[in-house]
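Chemist: sequence plus the predicted model coming up.
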Amino acid sequence: MEYNFKEIESNWQAYWAKHKTFAAKDGGDKPKYYVLDMFPYPSGAGLHVGHPLGYIASDIVARYKRHKGFNVLHPMGYDSFGLPAEQYAIQTGQHPKITTENNIAVYRRQLDKIGFSFDWDREVRTSNPEYYKWTQWIFIQLFNSWYNKSSDKAETISTLISEFETNGNSKVNAACEESVQSFTAAQWKAFTEKEQSDILMAYRIAYLGEAYVNWCPQLGTVLANDEVKDGVSERGGYPVERKLMKQWSMRINAYAQRLLDGLDTLDWTDSLKEAQRNWIGKSEGTSLRFKVIRHPELVSGSQEMLKQVQHDIEVFTTRPDTIFGVSFLTIAPEHELVESLTTAENKAAVEAYVTQAKNRSERERQADVTKITGVFTGSYVEHPFTGKQIPVWIGDYVLAGYGTGAVMAVPAHDSRDYSFAKHFGLPIIEVVKGGDLEKESYDAKEGILINSDFLNGLQVKDAMKLAMQEIEIQRLGKKKLNFRLRDAVFGRQRYWGEPIPVYYKNDIPYVLAENELPLVLPEVDKYLPTEDGEPPLARASSSWKYKGEFDYEHSTMPGWAGSSWYFLRYMDPHNGSVFADKKLTDYWQQVDLYIGGSEHATGHLLYVRFWTKFLKDLGYIDIDEPAKKLINQGMIQGLSSKAFRVSFGVSHTSIADSPDSKKELLPVKEIPPVFVSKSLFDSFNKEEWTADRQMAIDKISEIGNIITKQLQALHPDKVGKLSFNESIFQINVDVNLVSKGNILNVESFKNWREEYKSAHFLLEENGDYICGTEVEKMSKSKYNVVTPDDIAEKFGSDTLRLYEMFLGPLEQSKPWNTNGITGVHGFLKKLWKLFYGTGTFAVSDDEPTKGELKTLHKTIKKITEDIERFSFNTSISNFMICVNELTDAKCNKRAVLEPLLICLSPYAPHIAEELWKQLGHAESISTAPFPDFNEAYLVDDSVNYPVSFNGKVKFTLELAATLTAPEVEAIVMANEQTSKFLDGKQPKKVIVVHKKIVNMVV
């Protein structure tokens, strides 16, 4: 019987679905284990072979843990709100819900085909109203909460209102807006409802306030930082600008310290934890105020603007010891005082610069340290200690959202200030000894203070303390803890997202009651913003109002909202009364293993930790972190195929002023494509001039002459000749048109696109066209996508699962290359033959030999260790060694093959299930206990001792492994071969390395 993987895999996938083999039980005597994958956004392209990498790894662990006696929760769902479906809706008019459901159907078919052990009864979709009802509910809890710094947790807003009514806000220690003014209980009671609402909004964790956002006019929406690349939107490549807008936001900054502290409790990769630490960006320092010097020529003539100019500019610094090295101030382009600080003569330059800066995202501004830009405002501030005038500049390396949006620039001791000062010719004042300021700034926090008045002669550490003390004594500022982490913008001007459950009455926002949820997305005529710039939800019919009267919020939630709590919903996915029963969240607790991409380090993985801590604060759950262990799987990259296209132009061949010189040139657009094979491209591409390079140019010129004649025949009224532009560029070729050895199927390539039908090719000497290769991200645009469907069809899903693990360590990125896949498929066929060696099923009940047991238990030990340390690639090699050894031993014994199948089952479940059934088992192999290895079988009964004389091996002796070193020495000395080589001499020394070697010094 042949190994018919198609039939076997189809049958077992149907069996698992029918019998709900992998359904998790809520509770019981077994220990729990929760394995979770970052759920996918269902894109229209479906899965390529890179997507299942993490899913396969998590599935191996889930199946293994079931074998080990755990109650395993291994669910799957879809992060189904997203911009791509909305963009498709804008282009086609098709509702995003239809697009999303169609895409999910494709994903589900592909996932089922790979044989994952998901508990599909727990599937969630973030775009289902039954799900986002609870996302909206969590938003309402955030809206109705404030962060009490004294208790260091979130509390309900009612406790804050009660404090206001009793004592005002003088005793309140809260995470809130710095602009909040103090008030008494009597004043609070006298405030209007609108005034009270505005004050509470400054304390709420989910709040409506002004924030700088990434605004994309073409998409008509706000984008998250991770949706902006190089100043343009990641989707569509549209320009993005920084814009101050009224937005719903989340006060995640209140949790900054707890988010930092929690990292120490997690078994996450160091690189990911470091990324979060840097993103949160804790720094201790001092605030410091610089008094603005008024100038009569300032742009503003209004009293209001003059009042603003009279304000101090507050900076935050972690290096107060360098205060005497300040030579200028730099403020962010978005700083509130930019307009009022700008003088008339600088107005045009400042406005142009601010506009330019808006087109760069904050992430780009932080990362691009080589691009130095800035402009002088024309204004000055007074140095708080020396009284000297210091110019105020604008620079986009300063961010409005970090600190105060202004920095005191100390170019001698800060690299970015140094670059800025060098670029604009500003003073560089050394105040800490130790560096060479001709070359670079001296940023180290060590050295002796100079040029620093009362700080002179002090070490940096001591100078910091004294400077802080003096700043506070003179009331110029105060000690301050600062975080780079900014509050998260929550509103999006999109259609396809969760409606924010808010309505407005008399310009006051109110949240819906729980029994009014979900607030379902309304139907709209278009998925675009309205003509006056309102979000798409403003297009809903006039009946879409709260109680038919009050406007709902028109923005929707961001993509990260639904994914910030989905791990909890899997515990109780069908509960209509609560987001998850507390008994179940207490049972399942944290995710034990979470697998997903590192690109989510400062997005999803930060927000899910934030929401988890918040829900714990309010007593809804008892865990403080969502996942104990997290593994970032590497990316499987595509191996792109490249063809080499020659660039030709048309030039005149006639003499100037001759009749032909006035004729029209041959049409460039009719030049057929010309492609050269790789060896010619390589020859042409050499930097130095060689005979090979000249030969390549000659061949290209020759084909240019042939095409010239063809075009002249078609256009006798035109003149000119094809000229080689000395340029060959690479284009991506569909990898399906390229066979082993990178050989292009030329005829298929010509039929691939209309423009290539008349193409010319310069081939290798053997007549082949050889493509180049490049490792790139797997994507449709690069024509390098390989789908799991293709691999499963040719080799089977078990082969796909094994091969993806075989490619290399889970955490590393690696290129997809099918050259080795036949070897993995051959391994499965070899395994099959252990059971069907004669063509029929033949398994013996004979006792295994010692050698067979050693092979088995060696494998059990290695597979167990591999899975426990997530080293799946080495398991595949161990399986191959095992099957080879058993094949050589002609082993078909049940006592060996049954445990081997259980070991293999997490990796290749279909073939394991089939052979398990053939062995006579009625239950799925997933219920079988994982075999324990027996160390006794790994111990050798005998040892081969090489016996050497003066370092030269003369013979070997096989001796019992239980012999001691003195016993080995005695046996060797009594051996007749020893007597022969000693030739009557006595050895000076006998060295016995136990269980290794015997050496005699003669």
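Modeler: Ah, there it is.

Chemist: and the end-to-end length of stretch 333-343?
Modeler: Terminal residues of stretch 333-343 lie 15 Å apart, using C-alpha to C-alpha, to the nearest Å.

Chemist: that one - what's its average pLDDT?
Modeler: The average pLDDT within stretch 333-343 is 92.

Chemist: for stretch 109-116, same thing?
Modeler: The pLDDT scores in stretch 109-116 average 97.

Chemist: run the chain-centre distance for that stretch.
Modeler: 24 Å (C-alpha atoms, centre = their mean, to the nearest Å).

Chemist: touching that stretch from outside, list them.
Modeler: Stretch 109-116 is touched from outside by 9, 12-13, 16-17, 46-47, 52, 55-56, 59, 76, 118, 787-789, 792, 797-798, 800-801, 909-910, with contacts defined as C-beta atoms under 8 Å, 6 or more residues apart in numbering. Quick note: C-beta positions are derived from backbone N, CA and C, even for glycine.

Chemist: mind redoing it with 7 Å?
Modeler: If you take C-beta atoms under 7 Å, 6 or more residues apart in numbering as the criterion, stretch 109-116 is touched by 9, 13, 46-47, 52, 55, 59, 76, 788-789, 792, 797, 800-801, 909-910.

Chemist: now do stretch 466-476
Modeler: 286, 288, 289, 320, 321, 323, 384, 455, 458, 477, 478, 479.

Chemist: stretch 346-357 now?
Modeler: For stretch 346-357, the external contacting residues (C-beta under 7 Å, 6+ apart) are 299, 333, 338, 342, 375, 376, 377, 378, 394, 396.

Chemist: now with 8 Å?
Modeler: In this structure, residues lying in contact with stretch 346-357 by C-beta under 8 Å, 6+ apart are 242, 299, 333-334, 338, 342, 365, 373-378, 394, 396.

Chemist: top of the contacts of stretch 466-476 by neighbour count?
Modeler: Counting neighbours by other C-beta atoms under 10 Å, residue 321 comes out on top of the contacts of stretch 466-476 with 28 neighbours.

Chemist: contacts only, for it.
Modeler: Shown in contact with residue 321 (C-beta under 8 Å, 6+ apart): 431, 432, 449, 452, 455, 458, 460, 463, 464, 467.

Chemist: look up how far residue 469 lies from the closest residue to the second one other than its chain neighbours.
Modeler: With sequence-adjacent residues excluded and distances taken as C-beta to C-beta, 6 or more residues apart in numbering, residue 432 is closest to residue 447, at 4.3 Å. When C-beta to C-beta, to the nearest Å is applied, the distance between residue 447 and residue 469 equals 20 Å.

Chemist: before we move on, back to that, which members of the contacts of stretch 346-357 are classed as buried?
Modeler: Among those, those scoring as buried are 242, 299, 333-334, 338, 342, 365, 373-378, 394, 396 (criterion: 16 or more other C-beta atoms under 10 Å).

Chemist: out of those, who's nearest residue 991?
Modeler: Distances from residue 991 to the buried ones among the contacts of stretch 346-357, taken as C-beta to C-beta, are shortest for residue 365 (68.7 Å).

Chemist: check which helix or strand covers residue 695.
Modeler: Per DSSP states H and E, residue 695 falls inside helix 691-714.

Chemist: for that helix, packing partners?
Modeler: Judged by 3 or more C-beta pairs under 8 Å, 6 or more residues apart in numbering; DSSP states H and E, helix 691-714 is in contact with strand 636-651, strand 674-676, helix 678-684, strand 721-733, strand 760-762.

Chemist: the ones you listed: which one's closest to residue 914?
Modeler: Across those, residue 914 has its closest neighbour in strand 636-651 (27.7 Å, C-beta to C-beta).

Chemist: and that closest one, what's buried?
Modeler: The neighbour-count check on strand 636-651 (16+ other C-beta under 10 Å) flags 636-646, 648, 650 as buried.

Chemist: give the next helix or strand downstream of the helix or strand harbouring residue 105.
Modeler: Using DSSP H and E, residue 105 maps to helix 96-114. Where DSSP H and E defines the elements, the next helix or strand beyond helix 96-114 is helix 129-143.

Chemist: alpha carbons of that following helix, as PDB, please.
Modeler: C-alpha atoms of helix 129-143 as PDB (Å, rounded to 0.1, in the frame of the first residue of the first chain):
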ATOM      1  CA  PRO A 129     -21.300  42.800  16.800                       C
ATOM      2  CA  GLU A 130     -21.400  40.000  19.400                       C
ATOM      3  CA  TYR A 131     -17.700  40.500  19.900                       C
ATOM      4  CA  TYR A 132     -17.300  44.200  19.600                       C
ATOM      5  CA  LYS A 133     -20.200  44.700  22.000                       C
ATOM      6  CA  TRP A 134     -17.600  43.900  24.700                       C
ATOM      7  CA  THR A 135     -14.900  46.000  23.100                       C
ATOM      8  CA  GLN A 136     -17.300  48.900  23.400                       C
ATOM      9  CA  TRP A 137     -18.100  47.900  27.000                       C
ATOM     10  CA  ILE A 138     -14.400  48.000  27.900                       C
ATOM     11  CA  PHE A 139     -14.200  51.500  26.300                       C
ATOM     12  CA  ILE A 140     -17.000  52.600  28.600                       C
ATOM     13  CA  GLN A 141     -15.200  51.200  31.600                       C
ATOM     14  CA  LEU A 142     -12.100  53.200  30.500                       C
ATOM     15  CA  PHE A 143     -14.200  56.300  30.100                       C
END
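
Chemist: for it, buried residues please.
Modeler: Of all the residues in helix 129-143, those buried under the rule 16+ other C-beta under 10 Å are 131-143.

Chemist: can you check stretch 807-820 too?
Modeler: Using 16+ other C-beta under 10 Å as the burial criterion, the residues of stretch 807-820 that qualify are 807, 810, 814, 815, 816, 817, 818.

Chemist: hmm, which of these is lowest in pLDDT?
Modeler: pLDDT across the buried residues of stretch 807-820 is lowest for residue 818, at 78.

Chemist: by mean pLDDT, point me to the weakest helix or strand of this structure.
Modeler: When the helices and strands of the chain are compared on mean pLDDT, DSSP states H and E, helix 303-309 comes out lowest with a mean of 45.

Chemist: other SSEs contacting the following helix or strand past that helix?
Modeler: Next along the chain after helix 303-309, taking DSSP H and E as the criterion, comes strand 312-317. Applying 3+ C-beta pairs under 8 Å, 6+ apart, one finds that strand 312-317 contacts strand 282-293, strand 328-331, strand 406-409.

Chemist: just give the nearest non-adjacent residue to residue 998, would you?
Modeler: Excluding its sequence neighbours, the residue lying closest to residue 998 (C-beta to C-beta, 6+ apart) is residue 947, at 4.8 Å.

Chemist: could I get the contacting residues of that neighbour?
Modeler: Residue 947 sits next to 953-957, 972, 975, 977-978, 997-1000 when contact means C-beta under 8 Å, 6+ apart.

Chemist: go through the residues you listed and name the one nearest residue 80.
Modeler: Of these, the one sitting nearest to residue 80 (C-beta to C-beta) turns out to be residue 997, at 65.6 Å.

Chemist: tabulate the contacts of residue 321 (JSON lines), appending secondary structure.
Modeler: Shown next, in JSON lines, are these (DSSP: H, G, I helix; E, B strand; the rest coil):
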{"residue": "431", "secondary structure": "coil"}
{"residue": "432", "secondary structure": "strand"}
{"residue": "449", "secondary structure": "strand"}
{"residue": "452", "secondary structure": "coil"}
{"residue": "455", "secondary structure": "helix"}
{"residue": "458", "secondary structure": "coil"}
{"residue": "460", "secondary structure": "helix"}
{"residue": "463", "secondary structure": "helix"}
{"residue": "464", "secondary structure": "helix"}
{"residue": "467", "secondary structure": "helix"}
